[in-house]
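In: 3D model of this:
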Amino acid sequence: SDLLRGLCELLSQHAPQMTDPELLVHHLAGLLAGRGRMLLVVDDVWTAGQLEPFVTLAERVRVLVTTRNRLVLPEGHEQVRVDALDDQVAAEVLTRGLPPMSGEVRRRLLALTGGWPLLLALVNARLAADVADGAGVDAAARQAITRLEQAGPAALDVSDTDQRSKAVRATIGYSTQLLPLRVRERLVELGIFREDTEIPVPMVHLLWAATAGMTPVQAQQTCERLAGLSLITLRWADQDHQVVVLHDVIRAFLRSLDGLGDRRVQVNQHLVDHAGEVLGIDDGHWWRLPEGHFLWDHLAFHLAEADRKAQLAELVADVRWLVARLAHGGPLALEADLAMSQDARAVATRRVIARAGYLLGELDSPQASESNRLAHLSVLPHIRQQLNVPGIVERSVLVAKWPLPESRDTGLIRTLTGHTDDVTGVAIA
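Out: Got it, this is the predicted structure:
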C-alpha cells in the first residue's frame, strides 16, 4: 500500500486519504487513465500476492510485469520470454575487474549462480577481495565453487523457491566468510530495519554504537567494507546525506533463523533505548524528536519489533505524539503507527483518523492546524482526559460539547477524498 500511495501522490500531487490496497488501485487507475496512454512496469515480482493489487490496473492501462516465476502470472496474459542474462553478459558481471579466469571454473560459477545478477555481484566482490589479498583468480574461484556446492544447489533454478533460498544462504555465507565475527554481526543487525528503506548512515552508527560501541569512523568503515562485498548498497541520497540500502533478498536472509533469529527483539530494544539516550528523550517524550529525524516514520515499527507493547501503546495514546505525527507525516502515517498496536485506545483513535483524517491537514498556520486536530481528537475519552491536565498542550483548545459527526455515526468506516465531480454510479463489492 505504501508503493501505491506513493504513485498516487506522485501523479496527483496530493496524498490519498486511504490505506486499503484495492481502493488505492482504483484511485491509481483513474489517475493513470486521465493521462493518456500509459505503461506501468511492475518489476521483480516473486509472489502472486505482490502482483495481485496491480492486476486490476491491467483493465485500464498497459501493465508490464517482470518475474522469474511464471506461476505468479494471471490467466490470459501475453507472455514475452526474456531469458536470464545470457552467458556472455553474466560472465562479464562475474569477472568484472578480475584477471582472466579459466573457462571451466567460469562456467561452473555461472551454473551455481543461475545467472542471477545479485549472486553474480556477491561472488564477484568476494573474488575481487581474494585477488587483492594475493590469491590467484582460478584458485579463488575453485574455492568459491567448493563452498557454493557444499551449501547450495548444484545448478540454480531461480524460479524454485527452495533452491533460491539455499543459493542465497550459500552465497552470503561465502561472501562473509572472511569477515571478522564482529563485522558479520553488524551486517546481520541491519535486518531490523524496514524493507525498502533508505537507512541514514548516522542511524546505522547509532545502532552499532548501541550494540558494539562503534565510533562514527568505525561505522563508516564497516559500511564501506560491506558495500565493497556488495552485501549492502552505500549511496548518497542527496548532496549531504549518505544512506544504506539492503536488497530485499539479503534483508530476508538477515532476518531469518540463520541471521537475526532470536536477537531481533533485543537488537531493536538496543536501538530504541540508545536513540532515546543520544537524543535526550525521556521515555514517553518522543514527540520531541528533531525535525526530519528517521524515527518519526519508524519509531512505532521498532517499538513493535522490540516487543515493547506497553511503550508503543502509550506512545500512540499520547496526544502530543498524535498531534506531532500529524504535523510531520499526516493522517496516513499516523494511521500506520496506530495499526502497530492492538491497545483499545489505538484501535479507537485509528477509527477516528480513518473517518476524519481528511479534516486534519494543514490550515493557514501551525497554530490553527494544531487547534483543529486537537478539537477532532478530543472526541476520544483518553484524549479529552489528557487535555484536562495543565501543561499537556501549550494553548487553549476548543472541545466539542456534543460528539462530532464522524465520531457519532458508527456506520461510517472511512471518508474517501479526491473525487469532486458528480457521482453517476456506485459499486459495492
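In: spatially central residue in this protein, please.
Out: Nearest residue to the geometric centre of the chain (Cα atoms, centre = their mean): residue 195, 3.0 Å.
In: who's in contact with that residue?
Out: By Cβ atoms under 8 Å, 6 or more residues apart in numbering, residue 195 lies in contact with 248, 251. All C-beta spots, glycine's among them, are computed from the backbone N, C-alpha and C.
In: low-confidence regions, the stretch 301-429 of the chain specifically.
Out: 406-420, 428-429 (pLDDT under 70).
In: coming back round to it: element containing the residue nearest to the centre of the chain?
Out: Under DSSP states H and E, no helix or strand contains residue 195.
In: tell me which stretches of the chain form strands.
Out: In the chain, the strands defined using DSSP state E lie at 39-45, 62-67, 199-200, 233-236, 242-245.
In: include mean pLDDT and mean neighbour count when you put those into TSV, please.
Out: Putting those into TSV (pLDDT from 0 to 100; neighbours: other Cβ atoms under 10 Å) gives the following:
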stretch	mean pLDDT	mean neighbour count
strand 39-45	81	13
strand 62-67	84	15
strand 199-200	96	18
strand 233-236	93	13
strand 242-245	95	18
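In: and those: which comes nearest residue 217?
Out: strand 242-245 (13.7 Å; Cβ to Cβ).
In: partners of the closest one, with directions?
Out: According to DSSP bridges, strand 242-245 forms sheet pairs with strand 199-200 (antiparallel), strand 233-236 (antiparallel).
In: what sits up against the first one?
Out: Strand 199-200 is contacted from outside by 190, 193, 237, 241-246, 294, using Cβ under 8 Å, 6+ apart.
In: now tabulate those residues in a markdown table and tack on distance to residue 46.
Out: Converted to a markdown table, the contacts of strand 199-200 look like this (distance: Cβ to Cβ, whole Å):
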| residue | distance to residue 46 |
| --- | --- |
| 190 | 21 |
| 193 | 20 |
| 237 | 26 |
| 241 | 30 |
| 242 | 29 |
| 243 | 24 |
| 244 | 23 |
| 245 | 18 |
| 246 | 16 |
| 294 | 28 |
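In: what's the neighbour count on residue 373?
Out: 25 (other Cβ atoms under 10 Å).
In: could you pull up the residues touching it?
Out: Going by Cβ under 8 Å, 6+ apart, the list of residues near residue 373 reads 322-323, 326, 360.
In: which residue is the nearest non-sequential neighbour of residue 60?
Out: residue 29 (4.6 Å; Cβ to Cβ, 6 or more residues apart in numbering).
In: hang on, I meant residue 54
Out: Spatial nearest neighbour of residue 54, chain neighbours left out: residue 42 (5.1 Å); criterion: Cβ to Cβ, 6+ apart.
In: right, and the one you found touches residue 72 too?
Out: No: checked against Cβ atoms under 8 Å, the pair residue 42 and residue 72 is beyond contact range at 10.5 Å.
In: overlap in contacts of the two?
Out: residue 51.
In: ok, back up a step: export the strands paired with strand 242-245 to TSV and tack on distance to residue 275?
Out: Below are these laid out as TSV (distance: least, Cβ to Cβ, whole Å):
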stretch	distance to residue 275
strand 199-200	12
strand 233-236	21
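In: what's the closest of those to residue 165?
Out: Using Cβ to Cβ, the strands paired with strand 242-245 put strand 233-236 closest to residue 165, at 21.4 Å.
In: where exactly do the helices run in the stretch 251-400 of the chain?
Out: Using DSSP state H, counting those that start in this stretch, the helices of the stretch 251-400 of the chain run over residues 263-279, 295-305, 309-317, 319-329, 331-338, 344-356, 366-377, 381-387.
In: which positions within the fifth one qualify as buried?
Out: By neighbour count, and taking 16 or more other Cβ atoms under 10 Å as the criterion, the buried residues in helix 331-338 are 331-338.
In: burial of residue 110, as a residue count?
Out: For residue 110, the number of neighbouring residues by other Cβ under 10 Å comes to 21.
In: I'd guessed residue 237 sits against residue 245; true?
Out: No: using Cβ under 8 Å, residue 237 and residue 245 do not qualify as a contacting pair, with a distance of 9.4 Å.
In: next, show the common contact partners of those two.
Out: Going by Cβ under 8 Å, 6+ apart, residues that sit against residue 237 and also against residue 245 are residue 198.
In: if we can go back for a sec, for residue 400, find the nearest of the strands paired with strand 242-245.
Out: Of all the strands paired with strand 242-245, it is strand 199-200 that lies closest to residue 400, at 40.6 Å by Cβ to Cβ.
In: quick one: the helices in the stretch 101-250 of the chain?
Out: Under DSSP H, counting those that start in this stretch, the stretch 101-250 of the chain gives helices at 103-113, 117-132, 137-151, 161-175, 181-189, 201-212, 216-228, 248-254.
In: distance of residue 359 from residue 331?
Out: Distance from residue 359 to residue 331, counting by Cβ to Cβ, to the nearest Å: 9 Å.
In: now render the strands of the chain as a markdown table, adding distance to residue 142.
Out: Formatted as a markdown table, the strands of the chain follow (distance: least, Cβ to Cβ, whole Å):
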| stretch | distance to residue 142 |
| --- | --- |
| strand 39-45 | 31 |
| strand 62-67 | 33 |
| strand 199-200 | 36 |
| strand 233-236 | 29 |
| strand 242-245 | 32 |
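In: quick revisit: need the contact list for the residue nearest to residue 54.
Out: Applying Cβ under 8 Å, 6+ apart, the residues near residue 42 are 51, 54, 63-66.
In: and with 10 Å instead?
Out: By Cβ atoms under 10 Å, 6 or more residues apart in numbering, residue 42 lies in contact with 3, 50-51, 53-55, 57-58, 63-67.
In: what does residue 366 give?
Out: Residues near residue 366 by Cβ under 10 Å, 6+ apart: residue 327.
In: ok, now residue 184?
Out: Counting by Cβ under 10 Å, 6+ apart, residue 184 touches 172-173, 176-178, 226, 231, 259.
In: swap the cut-off to 6 Å and go again
Out: Counting by Cβ atoms under 6 Å, 6 or more residues apart in numbering, residue 184 makes contact with residue 176.
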